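Asks: Next input, structure requested:
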Amino acid sequence: MPSSATLKLALVQFNATVGDLAGNARRIADFARRAHAEGARLVITPELSLTGYPPEDLLLRPAFMSACDEALAACAALLAELPDLQVIVGHPKTLDDAGHVRTRSLAVQRRVNAASVLHAGRITACYAKRELPNYQVFDERRYFVSGRDAGLGPLVVDVGGLKVGVLICEDAWFDEPAAAAKAAGAQALAVINASPFHLGKAGEREERMTHRARAIGLPVLYAHLVGGQDEVVFDGGSFAVDAQGAVRARAGTFTEELLLVGVGTDGSVTGPLAPQPELPAQAWGALVIGVRDYLGKNGFPGAIIGLSGGIDSALVLAIAVDALGADKVRAVMMPSPYTADISWLDARDMARRLGVQYDEISITPMFEAFKASLAEEFAGLPEDATEENIQARCRGTLLMALSNKSGHIVLTTGNKSEMATGYCTLYGDMAGGFAVIKDVAKTLVYRLAAWRNAQGTEPVIPERIITRPPSAELREDQTDQDSLPPYAVLDAILARYMEDDEGIADIVAAGFDAAVVERVTRLIAVNEYKRRQAPVGIRITHRAFGRDWRYPITSKFRA
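Replies: Take a look at the predicted model:
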């Protein structure tokens, strides 16, 4: 192949569904046929594209692993009609039965996170991931052994004279796997990925891969997954970097795409270059695809939202409509004796703007019934948070009843600031099936509301919802700041303590009031039991409550 020759390769950015082995195999084959028709001779799919990511403890089931082998063979057979095309597919692989032991209920085998080359109807080569992440949302050492420990070396695919080394995700963040591929003759690196999204992650990936390209002196082709899987989201944005470390091609974010790139043996790369979205657009895209895929992949026909007239429920409603369409979203206003008139008016206004079904069901009769039933037990005791929580639980019961009858899932509306401090009611506003903004701090809630309003000709969220002081409206003249520090202060402490693991003394030294820091961090600790009972929700930061945060409920330690 002449030194200046260029070959066309395809990066497949698609939305896999975990466990849909046959469906994922068909989608891979369909993308491969499209790429072939466009002149590509190598197709690169994401990490574990055959199974979806992460398959978690499905990997521990021998039946699942056997089904993966069958699906991979079937995918190869689907591509037999294209003998001049090679396709790299990510999948799990059981190496052998050596050292196979059985416990009472678990078969333990040597598994690898693999990438196989499919060519002319056969599986012609296999590579195993060498660097296994075991931090944040990753648990790969629970399931896989390293390709290095399994004795599997580098894989280089000859594509019309261009030799392409194969790496899997974390491998490209370290020197050795890339160096091994180059030593084996690679002239370019294909990196298959399933890298969960968080704000700013796309820029971090590109920075790392540009460094890798410059360090190794080879182009880097980064094929990335897209879509939502329970609490994690994959943002796509597949890209290609030339040997000098410049990003020369990039797919869009939060959308399926076939990115065709030209790669030369001189290290050059050509292709379309989509722009990087700004931070609010990243967050919005993640929240929208997270809702769409959670409902779509789990078969829910639509969503129900308790619309209060406040900013959190307004934001969730706007996200749900963007994700699902207005015809699949129902808003329910449930006023109490403490609901302000402007809350009714603003809720009605927003439902009208978005065109969703809107209903009003007063909780006053059931609230009064609860108080009457408990009057003897509560005699002589002042009203307190108990009565506030009863109202929230009346609303939760109504929403879940509507959900049961219709099959629509309840989307809860609590934000990260509330979840952190326990400013939420178990079996009340926490009742539901999916927590859309549980990783969105209150200050970001306001920012996203303003950003979404700026995207159309008419704001979808009434301005008064954004500007009025936030309130749970569970007692007279209540505001959030009666119980919490100002959100700007609270969120800054939360980011430092919970997301970045800063110590209390360091936070105080940064200028925060010691008593406020002590109070916030104590609230985070004592409300762990609530968060364990919260619905799963979308992760958009580098540390969210859930898979990232594994603190004991019962603990006497206080910093």
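Asks: What mean pLDDT does the top helix by length along the chain get?
Replies: When the chain is parsed with DSSP state H, its longest helix is helix 385-406. The average pLDDT within helix 385-406 is 95.
Asks: Can you tell me which helices and strands that helix packs against?
Replies: If you count contacts as 3 or more CB pairs under 8 Å, 6 or more residues apart in numbering; DSSP states H and E, helix 385-406 packs onto strand 303-306, strand 329-333, helix 364-378, strand 409-412. Placement of C-beta: from N, CA and C, glycine included.
Asks: Val328: what's it in contact with?
Replies: Not quite, residue 328 is Lys, not Val. Neighbouring residues of Lys328 by CB atoms under 8 Å, 6 or more residues apart in numbering: 301-303, 408.
Asks: rerun at 10 Å
Replies: Contact analysis of Lys328 by CB atoms under 10 Å, 6 or more residues apart in numbering lists 295, 300-303, 320-321, 356-357, 408.
Asks: and the residues you listed, which are buried?
Replies: Among those, the ones that count as buried by 16 or more other CB atoms under 10 Å are 295, 300, 302-303, 320-321, 356, 408.
Asks: export these to JSON lines and tack on distance to Asp20?
Replies: Shown next, in JSON lines, are those (distance: CB to CB, whole Å):
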{"residue": "Leu295", "distance to Asp20": "16"}
{"residue": "Phe300", "distance to Asp20": "17"}
{"residue": "Gly302", "distance to Asp20": "22"}
{"residue": "Ala303", "distance to Asp20": "22"}
{"residue": "Ala320", "distance to Asp20": "24"}
{"residue": "Val321", "distance to Asp20": "27"}
{"residue": "Val356", "distance to Asp20": "30"}
{"residue": "His408", "distance to Asp20": "23"}
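Asks: nearest to Gln455, of those?
Replies: Gln455 lies nearest to Val321 out of these, by CB to CB, at 12.6 Å.
Asks: can you give me the helices in the stretch 401-550 of the chain?
Replies: 416-421, 442-453, 463-467, 487-494, 504-509, 514-526, 528-531 (DSSP state H, counting those that start in this stretch).
Asks: In helices, which of the contacts of Lys328 appear?
Replies: Short answer: the contacts of Lys328 in helices (DSSP H) are 295, 320-321.
Asks: Please identify the buried residues of stretch 508-525?
Replies: Going by neighbour count (16+ other CB under 10 Å), the buried part of stretch 508-525 is 508, 512, 516-517, 519-521, 523-525.
Asks: Any chance you could list what contacts that stretch?
Replies: Contacts for stretch 508-525 (CB under 10 Å, 6+ apart): 417, 419-423, 483-486, 489-494, 496-498, 502-507, 531, 545, 549, 551-553, 555, 557-559.
Asks: try 8 Å
Replies: 420-422, 485, 489-490, 492-494, 496-498, 502, 504, 507, 551, 555, 558-559.
Asks: Apart from its chain neighbours, what residue comes closest to Ala73?
Replies: Counting by CB to CB, 6 or more residues apart in numbering, the nearest residue to Ala73 once its immediate chain neighbours are dropped is Ile123, at 7.0 Å.
Asks: Surely the one you found is in a helix?
Replies: No: applying DSSP: H, G, I helix; E, B strand; the rest coil, one finds Ile123 to be strand, outside a helix.
Asks: ok, what's across the strand from it?
Replies: Per DSSP bridges, residues listed as beta-bridge partners of Ile123: Leu118.
Asks: now the one 5 residues further on
Replies: Counting by DSSP bridges, Ala128 is bridged to Ala114.
Asks: ok, now which ones touch it?
Replies: Ala128 neighbours (CB under 8 Å, 6+ apart): 93, 112-115, 146-147, 150, 152, 168.
Asks: you'd agree Arg26 is in a helix?
Replies: Yes: residue state for Arg26 (three-state DSSP) corresponds to a helix.
Asks: So it sits against Ala77, correct?
Replies: No: between Arg26 and Ala77 there is no contact under CB atoms under 8 Å: 11.6 Å.
Asks: My guess is Val117 contacts Gly90. True?
Replies: No: contact between Val117 and Gly90 fails when scored by CB under 8 Å: they sit 11.4 Å apart.
Asks: Look at the two and report which has more neighbours.
Replies: Between Val117 and Gly90, Gly90 has the larger neighbour count (other CB atoms under 10 Å), namely 30 against 21.
Asks: which residues touch that one?
Replies: By CB under 8 Å, 6+ apart, the neighbours of Gly90 are 45-50, 113-115, 168, 192, 194.
Asks: State whether Asp96 and Arg110 are indeed in contact, as I suppose.
Replies: Yes: using CB under 8 Å, Asp96 is in contact with Arg110, at 6.6 Å.
Asks: out of those two, which sits in the busier spot?
Replies: Comparing Asp96 with Arg110 by other CB under 10 Å, the one with more neighbours is Arg110, at 16 against 9.
Asks: roughly how far apart are that one and Asp69?
Replies: As judged by CB to CB, to the nearest Å, Arg110 and Asp69 stand 14 Å apart.
Asks: can you tell me how far the nearest residue to Ile504 once chain neighbours are set aside sits from Val520?
Replies: Using CB to CB, 6+ apart and skipping the chain neighbours, the partner closest in space to Ile504 is Ala559 (5.2 Å). From Ala559 over to Val520 the distance is 12 Å, taken as CB to CB.
Asks: go on, Ala286?
Replies: Counting by CB to CB - Ala286 and Val520 are separated by 26 Å.
Asks: Also Phe197?
Replies: Phe197 is 27 Å from Val520, by CB to CB.
Asks: Kindly report the same for His542.
Replies: 20 Å.
Asks: how about stretch 272-286 as CSV, C-alpha atoms only?
Replies: Output in CSV follows, covering the C-alpha atoms of stretch 272-286 (Å, rounded to 0.1, in the frame of the first residue of the first chain):
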residue,chain,number,x,y,z
PRO,A,272,-17.0,15.3,9.3
LEU,A,273,-16.5,17.3,12.5
ALA,A,274,-19.6,17.9,14.6
PRO,A,275,-19.3,20.7,17.2
GLN,A,276,-18.9,20.0,21.0
PRO,A,277,-22.1,21.0,22.8
GLU,A,278,-22.0,23.5,25.6
LEU,A,279,-22.4,22.2,29.2
PRO,A,280,-26.2,22.9,29.6
ALA,A,281,-26.8,21.2,26.2
GLN,A,282,-24.8,18.2,27.4
ALA,A,283,-26.8,17.9,30.6
TRP,A,284,-30.1,18.3,28.7
GLY,A,285,-29.1,15.7,26.2
ALA,A,286,-28.2,13.2,28.9
